[in-house]
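Enquirer: 3D model of this:
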Amino acid sequence: MKKIAFLFPGQGSQNVGMGLDFFQEFAFVKELFEMASEICKINISKLCFNGPMEDLTMTINLQPCVTAVNLACLSAIENEGIIPGFSAGHSLGEYSALCAAKAVSNEDTLRLVFKRGQLMHRESLKNKGAMHAIVGLTIEDIERIISGAQNKGIVSVANHNTKTQIVITGEPEAVQMISDIACEKGAKAIPLKVSGAWHSELIKGAEEEFKHYLETISFKKTATPVIHNVSADISSDSSEIRDLVGKQLCSPVKWFDSINRLMDENIEIFAEIGPGTVLTGLVKKILPKDYPFKTYSINSIKNYENFIKEVK
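Expert: Numbering: from 1, shown residues only. I've put the predicted structure just below:
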């Protein structure tokens, strides 16, 4: 069998109706959604299937909703006996990756993302933040611009998505200023629809409480390796995994390095498991044209059936 990596999306991949066909098809998916609603005291299936988008996009709802859909798609794939060589998740998606690797249970994965969403929401109300995607400059270019503007307010790199797609995060004025400088250098800046400055110092107030909460969750050694956002590397030690998850909240997501690491591991199939096609798009931008690979976006029953047929 070819080497497969499971990739799990995070915030920004949501859509109203996500997961509905899996819910209708599999009894175990229905049970998973019921469990998610019970743990979070939110009607997860109603939000996922009917929205409205405005309510679904609130981070406090969105984090458990996207995770429930990720886990629903994952459970259908696991039901066919398909095991990944590696897993990785983008920001919020990392929790689903840890679940795929059996480091945390379905229940604890949902508890963690619900708590994370609550704390991030709380901090975003205290500190107004913004995030912009800068397209056309390298990480070194962006870091140089940021270091030259340190006295202008809080701003940092949130996501290193591709070689020349970097998301910056921080105080709105500082983020705008970095965007303006980047545009003067030929880049394009795209404001993101977010309610806070994720992966920045502005949500640092959530970190300590989240780390304490992580201590109440049972982490196991991974059954299959996970590439972590913070390090773009693997860890099989349960206490180190807990530490990396705690740091991830305010640290940059090293997605570009993570996909390159999967290429170094000779991964041939990249399966995006969950709503949307954001990660599939990033993989295609990151990997060299002469590298042999296939991508699948497993976000519907039809795509799921095609994937099963081709990899089994």
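Enquirer: list the contacts for residue 252?
Expert: 156, 157, 158, 159, 160, 199, 229 (C-beta atoms under 8 Å, 6 or more residues apart in numbering). All C-beta spots, glycine's among them, are computed from the backbone N, C-alpha and C.
Enquirer: Distance check, it against residue 157.
Expert: 5 Å (C-beta to C-beta, to the nearest Å).
Enquirer: what sits in contact with each of the two?
Expert: Common neighbours of residue 252 and residue 157 (C-beta under 8 Å, 6+ apart) do not exist.
Enquirer: which of the contacts of residue 252 lies closest to residue 24?
Expert: Set against residue 24, the nearest of the contacts of residue 252 by C-beta to C-beta is residue 229 (32.7 Å).
Enquirer: looking at it, the closest one is touching residue 250, isn't it?
Expert: No - at 11.4 Å, residue 229 does not count as touching residue 250 under the criterion of C-beta atoms under 8 Å.
Enquirer: So for the two, which residue has more residues nearby?
Expert: Between residue 229 and residue 250, counted using other C-beta atoms under 10 Å, the more crowded position is residue 229 (29 against 23).
Enquirer: on that earlier part again, can I get the contacts of residue 252 in a markdown table including pLDDT, secondary structure and distance to residue 125?
Expert: A markdown table is the format used below for the contacts of residue 252 (pLDDT from 0 to 100; DSSP: H, G, I helix; E, B strand; the rest coil; distance: C-beta to C-beta, whole Å):
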| residue | pLDDT | secondary structure | distance to residue 125 |
| --- | --- | --- | --- |
| 156 | 97 | strand | 20 |
| 157 | 98 | strand | 24 |
| 158 | 98 | strand | 19 |
| 159 | 98 | strand | 23 |
| 160 | 98 | strand | 28 |
| 199 | 97 | coil | 17 |
| 229 | 98 | coil | 24 |
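Enquirer: so what's residue 127 up against?
Expert: Taking C-beta under 8 Å, 6+ apart as the test, what residue 127 contacts is 171, 196, 197, 202, 203, 205.
Enquirer: Can you give me the neighbour number for the last one?
Expert: Translated: residue 205. 15.
Enquirer: Retrieve the pLDDT associated with residue 312.
Expert: Predicted confidence (pLDDT) for residue 312: 86.
Enquirer: my guess is it meets residue 80, correct?
Expert: Yes - the pair residue 312 / residue 80 is scored as a contact, 6.6 Å apart, by C-beta under 8 Å.
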